[in-house]
Every structure is written in structure tokens, then in C-alpha cells.
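Chemist: predicted model and sequence below, questions to follow.
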Amino acid sequence: MAENQRTASPTTDPTQGAVLRQGRAADPLPSVAQPQPGPTETSTPPSTASAPASAPGAEAAGNPRAPVMPSDSAEAVDSAPAVEKEEEQAEEQEPVPSESEQVKAQFKQRELRLILRQCDRVLLLDFNRLAMGDWPDDYTLATARRNRDLWLFGAFAAAVVFVSGLTGFVPAWVAGTGFGAFMIILMLGIPAVRRIYTSSPSYLDVIMKRQRLLREARAYAAHLEGNEGLIWQCARMADFNVALKNTRFSSLLRLSERRILPRHLTRREHVRLYLIYLLEAEKAYARVQAAFFEGNRRAIDQGWQGVAAEPEPRA
């Protein structure tokens, strides 16, 4: 039986704990550093449940140069305050809209809607009707005036010769010649006959064309101004276009506020000044419209239903 005990080799399972043998210390786990057994020491086997948890500590105790690695739970505990701090900073950076900002946005949107409703007639601007591109220039007017003066001088000279013949101051044949020349000159002044031998307009045609263009421009300005006046209301858009604050438009603004502007546009310079103001007002209107749409989009993003309301329909 003693031979069986000496010949039989015990089987050990590496996954289990250390196995005690007679005459020497217990075998350590593969992950634990093997200590040097003393002559009088008796080692006790560690339990299988506490072996994996004490392995890193044992390595650090056996090797003083080995770095101590923090566990996953320690990393989570250390990173949690940093994440919370970043979230708090992000919340502080995002401005929270207050009630006063909503009231200001609502007031601004109401003012922009009023401007858009009062000044929407600037979109009806017809540049050609107010620019008067067919306006006769001064050279044409001067040429027509000179031709008219020559025509009047010729007719007057022929009339004087004819009257001189009636008084006997000149011979009768000279008086007859003067009468014939007078009649021909008069016929050359008739518009139907004048178109036969020349294409240049007469002085009367130039004056009538200028008056017609001015009359059409005044009628169109009256259509744009309406009963309430237009450009004096567009003066509220001066914050969006500083050109509307120019002092040269002050007289037009006063006349528009008094609703008597169209009949005071008696010269081409007045009409052109009125056209320039409307062009600048049209630019300002586009900027007001863009600001209104931007404010409406911001109100929708913030959830301000009262601010993001649609403009009221016109009556």
C-alpha cells in the first residue's frame, strides 16, 4: 500500500487553487509571482474567489517598478465630474431667451409688418414712365427754336413787303412777290406740309411732347402716392437705407405728407428726384422684407407662436 502511495502521482488542475503536497509549500497560481519559501514558513493557499482580484496587487508588491493601473470603476468615477462640468458649461453658453426678448421681437415684427404693408406700392414702380427716356434734350429744343425764329422772320419780312406795296412805297410787282412769299412761308409752317421736307420736330412739337411726358409722370406719381401718400411713410425705412435720410428729399417728403406732391412735379428735375427716392426705397423695402423673414424664422425656432404669426391680410 505504501508502494501505491509512492507510485501514484497526484493530478492537479491548473484552474483550481493551489494543491498541498507533503514536504513542501503550496504551488502558487501562474499569475502570482512565486515567493521564496522559508525554512520555517507554512503558506496557506489563497481561495479561488479572491485570487483574480488580488493578482494586480500581488504583481505590484512583487515588482516595485510595475505601474499601478486604475480599475474601470475608478476611471468612471473620475470622468463623471468632468462630463457634468462640460454639460454645465454648454448649458451656460446657450443663451436662454427671456420674456423681455420675446416682447421686443414681437414689437419689432409688428413694426416691420406695418412698414411692409404701408410701403408695398414701391414694388409697382415703373422705371421707364418716371425716367422719361424720350424726353427731348436741350439741343433739340434749341434747334427747333432757331428754326421757328427763322420761319417767323421770313413770314414777317414777306408781310412787310406786301404791306409796303399796298401803300405805294414799293412797286406793285414787288408787293405781289412779297405776298406770294408770305403765303408759301405760312404753308411751310403747317405740320402736314412740314413733314414733307424735314423730319426734325418743330418747336411746338418739342414743347407738347415735354408737357405730355410730364403729365403722364404726374398721373403715375398720383397713382403711386394714393390718398395717404407714399414716400413720407417710406421714410420709416431710413434705418435700412441711410440714403433716405438725405436732405435733398425733405421737400418731397413734406409735400407727400400733405398729399399734394403730384401736382407740384412741374419740372423734369422734380420727377427724377422722386424716381431716385423710390429706387432707394425699393432697396430698403427688400432689406425690411429680409429682416422680417429672418425674425419670423427665429421666432419659429424659439417657439414664439405670437411673434411668428402671419401678416394680417389687407382690406
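Modeler: Cool, the structure landed. Numbers count the residues shown, from 1 in each chain.
Chemist: give me the pLDDT value at Ser43.
Modeler: pLDDT for Ser43: 43.
Chemist: please name the nearest non-neighbouring residue to Leu253.
Modeler: Spatial nearest neighbour of Leu253, chain neighbours left out: Trp232 (4.9 Å); criterion: CB to CB, 6 or more residues apart in numbering. All C-beta spots, glycine's among them, are computed from the backbone N, C-alpha and C.
Chemist: show me the shaky parts of the stretch 201-315 of the chain.
Modeler: In the prediction, the stretch 201-315 of the chain carries residues with pLDDT under 70 at positions 302-315.
Chemist: quick one: the helices in it?
Modeler: Secondary structure of the stretch 201-315 of the chain, counting by DSSP state H, counting those that start in this stretch: helices at 203-225, 231-234, 250-257, 268-302.
Chemist: for the last one, buried residues please.
Modeler: Same thing as helix 268-302. 270-278, 280-282, 284-285, 288-289, 291-292, 295-296, 299 (16 or more other CB atoms under 10 Å).
Chemist: swap in stretch 241-251?
Modeler: The neighbour-count check on stretch 241-251 (16+ other CB under 10 Å) flags 241, 244, 249 as buried.
Chemist: same deal with stretch 156-176?
Modeler: Here stretch 156-176 shows 158-159, 161-162, 165, 170, 175 as buried, counting by 16+ other CB under 10 Å.
Chemist: ok, now stretch 103-112?
Modeler: 105-106, 109, 112.
Chemist: may I see the residues you listed arranged in CSV, with secondary structure and distance to Gly154 as well?
Modeler: Output for the buried residues of stretch 103-112, formatted as CSV (DSSP: H, G, I helix; E, B strand; the rest coil; distance: CB to CB, whole Å):
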residue, secondary structure, distance to Gly154
Ala105, helix, 77
Gln106, helix, 77
Gln109, helix, 72
Leu112, helix, 67
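Chemist: between those residues, which is closest to Leu130?
Modeler: Nearest to Leu130 out of the buried residues of stretch 103-112 is Leu112 (CB to CB; 26.9 Å).
Chemist: quick check: that closest one vs Ala105, distance?
Modeler: Applying CB to CB, to the nearest Å, the value for Leu112 to Ala105 is 10 Å.
Chemist: same check, this time on Leu130
Modeler: 37 Å.
Chemist: hang on, the earlier thing: common neighbours of Leu112 and Ala105, please.
Modeler: Gly295 (CB atoms under 8 Å, 6 or more residues apart in numbering).
Chemist: please name the nearest non-neighbouring residue to Arg258.
Modeler: Leaving out its chain neighbours, the residue that sits closest to Arg258 by CB to CB, 6+ apart is Gly229, at 8.0 Å.
Chemist: the one you found against Pro262, yeah?
Modeler: No. Taking contacts as CB atoms under 8 Å, Gly229 lies outside contact range of Pro262: 10.2 Å.
Chemist: would you turn the buried residues of stretch 103-112 into JSON lines with distance to Phe179?
Modeler: Shown next, in JSON lines, are the buried residues of stretch 103-112 (distance: CB to CB, whole Å):
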{"residue": "Ala105", "distance to Phe179": "87"}
{"residue": "Gln106", "distance to Phe179": "87"}
{"residue": "Gln109", "distance to Phe179": "82"}
{"residue": "Leu112", "distance to Phe179": "77"}
